[in-house]
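Trainee: sequence-free structure coming up:
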Ligand SMILES: O=C(O)/C=C\C(=O)CC(=O)CC(=O)O
């Protein structure tokens, strides 16, 4: 496989899906450059003709790597896992692998898309908080239940997996929309466990080059 230059991640500081990929790149110690895409400037740079050629879904992240441009964060995580097996993000055991994918799927299909920017714009300023809270609460009830069977130190057993790459950014979004997290003690414990991990810390929105200086830390 020829590796052409350093990977470039099209990313937005507060995008939870970009954040998933930043964590995985950091965990695997893959050096990369960030190309910030502002989701809010002038109606959103993701809707420009130039970016539509990068990702026809007009969303971040996109990762330019090994001469190809990849989109969809879970698909990117699996590509990284398959091509850069150092620091595995998938458990070895088949059932644990299924459990890791399950948690990713609940978050990536069942929670985040319902509270992302395009949906909240459609829902409107007045109702957006309540809407986001509703869907995050509903999804987190399922995640907490799944974790009660799968979690050790992290989402699936005692090894960091793709499930943790999805969970931590979603917890940030939950706080952003003022979801009461007290009913989710396992989620909170895993979040605490990982908040100071260097790979997660470096991927945090507050440590991104496009994070506005006035953003709360
Ligand atoms: O208000 C903004 O700054 C714009 C966009 C985001 O944060 C990103 C999302 O749409 C939510 C998400 O990634 O889950």
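Mentor: Yes, it's here. All values derive from a computational prediction rather than experimental measurement. Numbers count the residues shown, from 1 in each chain.

Trainee: in this structure, what spans have low per-residue confidence?
Mentor: Along the chain, segments meeting pLDDT under 70 span 1-4, 217.

Trainee: How about the residues of it by the ligand?
Mentor: 14-17, 39-40, 112, 116-117, 173 (Cβ under 6 Å from any ligand atom). Bear in mind the C-beta positions are built from the backbone N, C-alpha and C, glycine included.

Trainee: Top of those residues by number of neighbours, please.
Mentor: The most neighbours of any of the residues of the chain next to the ligand, using other Cβ atoms under 10 Å, belong to residue 15, which has 26 neighbours.

Trainee: Touching, it and residue 62? I think so.
Mentor: No. Applying Cβ atoms under 8 Å as the test, residue 15 and residue 62 come out as separate, 11.2 Å apart.

Trainee: Apart from its chain neighbours, what residue comes closest to residue 142?
Mentor: Closest residue to residue 142 apart from its sequence neighbours, by Cβ to Cβ, 6 or more residues apart in numbering: residue 106 at 5.5 Å.

Trainee: Please state the backbone phi and psi of the one you found?
Mentor: Dihedral pair for residue 106: phi -60, psi -40, per degrees, to the nearest 10.

Trainee: Show me the helices in the protein, by range?
Mentor: Secondary structure of the chain (DSSP state H): helices at 16-27, 49-54, 73-83, 94-110, 117-123, 128-150, 162-176, 185-194, 198-203.

Trainee: and among these, the most buried is which?
Mentor: Compared across the helices of the chain, helix 16-27 shows the largest average neighbour count, a mean of 26 (mean count of other Cβ atoms under 10 Å).

Trainee: Looking at the residues of the chain next to the ligand, which is nearest residue 25?
Mentor: Nearest to residue 25 among the residues of the chain next to the ligand is residue 17, at 13.4 Å by Cβ to Cβ.

Trainee: so what's that closest one up against?
Mentor: By Cβ atoms under 8 Å, 6 or more residues apart in numbering, the contact list for residue 17 reads 59-61, 73, 108, 112, 169.

Trainee: From what I see, the residue nearest to residue 142 and residue 145 are in contact.
Mentor: No. Counting by Cβ under 8 Å, residue 106 stays clear of residue 145, with 10.0 Å between them.

Trainee: who wins for proximity to residue 212 among the helices of the chain?
Mentor: Comparing the helices of the chain by Cβ to Cβ, helix 162-176 comes nearest, at 14.6 Å.

Trainee: Output the contacting helices and strands for the closest one.
Mentor: Helix 162-176 makes packing contacts with helix 16-27, helix 73-83, helix 94-110, helix 128-150, helix 185-194 when contacts are defined by 3 or more Cβ pairs under 8 Å, 6 or more residues apart in numbering; DSSP states H and E.
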